[in-house]
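Undergrad: compute the structure for the input listed below.
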Amino acid sequence: MINAIRVGYSVLRYRGGIGQWAWAVNRVAGVGVLLFLAIHIFDIFLVGFPALFKELLVIYKGPLPRVLEVLLVFGLLYHGVNGLRLILMDFKPTTARHHVKLFYIQIAI
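TA: Prediction:
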């Protein structure tokens, strides 16, 4: 646990700039989308068990799942637009020098 705290602190201390934060948020968004897909597949699997499925639907009506849905939308949009930004920089390397401007455009979207 102490090592995890040290690593987290060193990541926050690192001064890599906008590129580092774009990468870190992209990874977190990707993992969040992956976790959502895993939960969603498991949820669809439970349709075969109607009683268990109805009990699970009660969980989705709480306030926490509503907040997580908003975060999911943010994660999907950020991950998708960041992918388009990276594709643009890969296919047109001259845009890579404007990566900070492109990042701010991405955030605005």
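Undergrad: which secondary structure state does Gly16 sit in?
TA: Under DSSP: H, G, I helix; E, B strand; the rest coil, Gly16 falls in the coil class.
Undergrad: tell me the pLDDT at it?
TA: Per-residue pLDDT puts Gly16 at 71.
Undergrad: could you check which helix or strand contains Asn82?
TA: Of the helices and strands defined by DSSP states H and E, Asn82 is found in helix 63-91.
Undergrad: just Tyr104 next, same as before
TA: Counting by DSSP H and E, Tyr104 is part of helix 99-108.
Undergrad: report the distance from that helix to the chain centre.
TA: Helix 99-108 sits 17 Å away from the centroid of its parent chain (CA atoms, centre = their mean, to the nearest Å).
Undergrad: which other helices and strands contact that helix?
TA: For helix 99-108, the packing partners by 3 or more CB pairs under 8 Å, 6 or more residues apart in numbering; DSSP states H and E come out as helix 18-45, helix 63-91. Backbone N, C-alpha and C define where each C-beta goes, glycine included.
Undergrad: figure out which of those is closest to Lys54.
TA: Across the helices and strands packed on helix 99-108, Lys54 has its closest neighbour in helix 18-45 (12.0 Å, CB to CB).
Undergrad: let's see the next helix or strand after the closest one as CSV, backbone CA atoms only.
TA: Next along the chain after helix 18-45, taking DSSP H and E as the criterion, comes helix 50-59. This file holds the C-alpha atoms of helix 50-59, laid out as CSV (Å, rounded to 0.1, in the frame of the first residue of the first chain):
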residue,chain,number,x,y,z
PRO,A,50,-35.4,-13.0,-14.1
ALA,A,51,-35.5,-12.9,-10.3
LEU,A,52,-31.9,-12.0,-9.9
PHE,A,53,-32.1,-9.6,-12.8
LYS,A,54,-35.0,-7.7,-11.1
GLU,A,55,-33.0,-7.4,-7.9
LEU,A,56,-30.1,-6.0,-9.8
LEU,A,57,-32.2,-3.4,-11.5
VAL,A,58,-33.0,-1.9,-8.1
ILE,A,59,-29.2,-1.1,-7.7
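Undergrad: now do helix 50-59: everything it contacts.
TA: Under the contact criterion CB atoms under 8 Å, 6 or more residues apart in numbering, helix 50-59 has outside partners Asp43, Leu46, Val47, Pro65.
Undergrad: thanks a lot, catch you later.
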